Each structure stands twice: as structure tokens, then as C-alpha cells.
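In: starting from these lines, generate the structure:
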Amino acid sequence: MTQQAFIQPDFKNDDDAAAFTTTANSTVPVAAWGAVISMALCVAVLIASEFMPVSLLSPIATELGVTEGRAGQAISISGVFAVATSIFVAGMTRRMDRRLVLASFSAILVISGTIVTFAPNYLVLMIGRALLGIAIGGFWSMSTSIVMRLVPADSVPRGLAMLNAGNAVAATFAAPLGSLLGSYIGWRGAFFAVVPLALLALVWQWISLPPMPPRSSEGSSNVFRLLLRPPVAIGMASIMLLFMGQFALFTYLRPVLETVTAVSISTLSLLLLLMGLAGVAGTTIVSHLLQKRLFVILAAIPLIMAFIALGLIAFGSSSTITAVLLVGWGLFSTAAPVGWGTWLSRTMPDDAEAGGGLQVATIQLAITLGASVGGVLFDGYGWWTTFLLAAGLLFGAFLLAIAAWRSTRR
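Out: From the prediction side, this is the model:
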């Protein structure tokens, strides 16, 4: 299956088309980049909302009268609903204008933040978090196919890099910012702080996105049928191992830095910030390399991350070496979704929505499994076994990426 040379935006009339005026130095419509940036803002709000409870569990549990363990389920429930939504969204919305679908998920994000802010009890809080999971699963599932319709094919990696830059920024600042805001305006105020940003993203999308009626060329909405294609099945297996390995390590990074590397809280915050900034740089760099080196990058990223995991085991007590390794981890781990999003756009150009749903479901499931299995090893056998598991999973992702490349060539 060959990738189309140019994927045109959809317009209902010439006036809409005129709004997407190209510049003299670029073949990418100016308004299209505005739409992509509005999506990146929404991604940042989604990720910030998802990880905000990490630093607010104690005050949430105290006010709602539940244990911190039960309060922590506010994170896992959003993941469960994200997986379910990503699997079924293509079929449930296949007759709807994609602009309306994307705006609907952004509106659900606004509603979710409002419900959580004013939740009178634990049940209402969980309903709000479930709605967040729906917004996450639906928005991410549609994001690749929408970018493919907004910009030319050779600019898709850049568009996906913009989305993941929003992801990296939010993942970096969500927990510390939530903690800071929570200390001044309470946990409810911290959650409500993202609502105006979500509303801004919704309005911006509605203004900047063109009408995008569903395409008759889209295949069946059954995401699992895509696994019958060997390149897709192998690629998804590589994605599964990559994200399992990534989050088996990343989830338990803080306690390792505090106990093994023995860094102070201020140094810990600085290291996490450097990781996030390296991630933003990684998404920018990789977008320029994917056009001609896609599978080289897809294979190299998990291999390098596996060596970094082994390096942390060997040199985890050295703060200097650990800092260098963590910058490398941020650089490559955040670039990975850009690479696999580009792979999806080239491997399944006519099934991008179903493929996006399958990819999001795979990633969310991988994150859950990686964190869960890593936690069992962390508690039972020591932190280094968790990091060793991560290295093994990442090396497996490297081998499967090579297998996906060979299968694609055949």
C-alpha cells in the first residue's frame, strides 16, 4: 500500500478553500497549522488533566473521605475508558463530520474538568474522570487521521511532532504545577485551572478546522481486523512492548531517584524538567528525520532506551551520569509516538481512524500492564528488576520493529 503524495483538506465551498491560503515558502496551508496547534493545545490539556491527580491524591482523599488508594483509581479509570473509546469510536462516528467529532471530545474535556472541580463525593469524581477517559481515547484515536487531512503527506511527521510536543510539555509540568496550585487554591482550583484552556482549545478548533465529512474510502470500523495484516500486527506488538518497557521504568523513576541516586526534591524537580525539555527537543528533531529513515528510527529508539535502562541500573548511584541518561531517555521516549504515528499514516492511509483507535488502545493497555508488572517486581524483588524488565521489553520492541520493516518490504 503506497502513501498518497498529498492529502487535501476537505472543503464544502471555495470560500473555505480560500481560507487555507498557502505561503510563498511552504506548501502547507497557513490555516491548517493553526488547526494543528489548536489540537496540540487540546492534547496538552488532556495529558495535564490525566496526570494532575498524581500530586493531589492526599487532599482529594482527605476531603472526599476515601483512602489514597481509592483516590488513585481516578487515574486508572480514565485509562480504562480511553481503551474502550479508542476501540469503538471509529464505528460509532463513521457517519459524522470529523470536525464535529473532534469538537465533541474537546467539549467532553471541558465538562469533565467542571464535574471533577465541583464533585461533592467520590462517585461524581469518578464519573468526571471516566468522561476524561472518553475524551482522551476519542481525541487521540482521531488525531493522526485528522492531521493527515489537514497537511500534505510530507508534513505529517511535523504535525504529529506538534501534538506530541504538547504531550511532552504537559507531562513535564502537570504534576509539579498541580502540586503548586493545590497548595494555593486547593485541589479543586487546580483541576478547574485547566478548564479555561480546554474551552480555548474547543473554540480555536471550531474556528480553525475545516468541514471534514466522513470518507467513503475508509475501511471497516472493526479495529481488530487490521491485525490480520502481518505488518500491522508486528508493528502493534512492537508498540506494545515499547510502551510497556517505557512505563515499567518511568512509573517508578521518582522513588529510585530519591533512594538510590539520593537526590534532593529540588534536584528531582530539575531532572524531571530536563527530561521534559529533552522530550520537546526530541519531537522536533525526529520529525525532520522520519521522511527517509522511518524504520531506522523506529528500531533505534527502543534499542537506545534499553541501553539507557541498563545504564541506570549500573550507574544509578551517580547523580551526574543519571542526569545524562535521563536527558537521553526524555529525548528518545517522547519521539517514539511521532515515529509510530508516521508509520500508521503510511501503513494504513485508508484506515487511519481504525488504525488510530487500535494504536491508542494498544498504548493504553501497554501503559497499564507495564506499570502493574513493574510494580510487582519493584515491591517483591527490588527496583533493579523493574528496570531490567524495562530493558528486556524495549529490546523486544527493537527486534519487532526490524521484523515490521521486513514484513512491510515483502
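In: which element follows whatever helix or strand Arg70 lives in toward the C-terminus?
Out: Assigned by DSSP states H and E, Arg70 falls within helix 68-92. For helix 68-92, the following helix or strand on the C-terminal side (DSSP H and E) is helix 98-117.
In: pull the CA atoms of that next one into PDB?
Out: Taking C-alpha atoms only, helix 98-117 is exported to PDB below (Å, rounded to 0.1, in the frame of the first residue of the first chain):
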ATOM      1  CA  ARG A  98     -14.800  14.800  11.800                       C
ATOM      2  CA  ARG A  99     -14.700  18.500  12.800                       C
ATOM      3  CA  LEU A 100     -17.900  17.900  14.900                       C
ATOM      4  CA  VAL A 101     -16.400  14.700  16.400                       C
ATOM      5  CA  LEU A 102     -13.200  16.300  17.400                       C
ATOM      6  CA  ALA A 103     -15.000  19.300  18.900                       C
ATOM      7  CA  SER A 104     -17.300  17.000  20.800                       C
ATOM      8  CA  PHE A 105     -14.400  15.300  22.500                       C
ATOM      9  CA  SER A 106     -13.000  18.700  23.400                       C
ATOM     10  CA  ALA A 107     -16.400  19.700  24.900                       C
ATOM     11  CA  ILE A 108     -16.400  16.400  26.900                       C
ATOM     12  CA  LEU A 109     -13.000  17.500  28.300                       C
ATOM     13  CA  VAL A 110     -14.500  20.800  29.400                       C
ATOM     14  CA  ILE A 111     -17.400  19.000  31.100                       C
ATOM     15  CA  SER A 112     -15.100  16.500  32.700                       C
ATOM     16  CA  GLY A 113     -13.000  19.200  34.300                       C
ATOM     17  CA  THR A 114     -16.000  21.100  35.600                       C
ATOM     18  CA  ILE A 115     -17.600  17.900  37.100                       C
ATOM     19  CA  VAL A 116     -14.300  17.000  38.900                       C
ATOM     20  CA  THR A 117     -13.900  20.500  40.200                       C
END
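In: what packs against it?
Out: helix 30-51, helix 122-150, helix 156-192, helix 195-208 (3 or more CB pairs under 8 Å, 6 or more residues apart in numbering; DSSP states H and E). From N, CA and C alone the C-beta is placed, and that goes for glycine too.
In: what packs against the longest one?
Out: Secondary-structure packing of helix 156-192 (3+ CB pairs under 8 Å, 6+ apart): helix 30-51, helix 57-64, helix 98-117, helix 122-150, helix 265-287, helix 336-347.
In: also the first one?
Out: Contact partners of helix 30-51 among helices and strands, from 3+ CB pairs under 8 Å, 6+ apart: helix 68-92, helix 98-117, helix 122-150, helix 156-192, helix 195-208.
In: out of those helices, nearest to Ala262?
Out: helix 156-192 (20.0 Å; CB to CB).
In: what are the buried residues along that closest one?
Out: 156-179, 181-182, 187-188, 190-192 (16 or more other CB atoms under 10 Å).
In: for the stretch 151-300 of the chain, give me the ranges with low pLDDT.
Out: Low-confidence segments of the stretch 151-300 of the chain (pLDDT under 70): 172, 175-176, 215-222.
In: tilt between the one helix or strand Leu312 maps to and helix 265-287?
Out: Per DSSP H and E: Leu312 is located in helix 290-315. If you take axes from the mean of the first three to the mean of the last three CA atoms, to 10 degrees, helix 290-315 sits at 150 degrees to helix 265-287.
In: ok now helix 290-315, how far from the chain's centre?
Out: Between the centre of helix 290-315 and the centre of its chain there are 18 Å (CA atoms, centre = their mean, to the nearest Å).
In: give me the number of residues near Phe51?
Out: Neighbour count of Phe51, defined by other CB atoms under 10 Å: 18.
In: if I pick the nearest residue to it once chain neighbours are set aside, what's in contact with it?
Out: Of all residues not flanking Phe51 in the chain, Ala174 sits nearest, at 4.2 Å (CB to CB, 6 or more residues apart in numbering). Ala174 is in contact with 47-52, 54, counting by CB atoms under 8 Å, 6 or more residues apart in numbering.
In: so which residue is smack in the middle of this structure?
Out: Asn167 (5.9 Å; CA atoms, centre = their mean).
In: hmm, Ala44 and it touching each other?
Out: Yes - using CB atoms under 8 Å, Asn167 is in contact with Ala44, at 7.2 Å.
In: if we can go back for a sec, could you identify which of the helices and strands packed on helix 156-192 is most buried?
Out: Highest mean neighbour count among the helices and strands packed on helix 156-192 (mean count of other CB atoms under 10 Å): helix 336-347, with a mean of 25.
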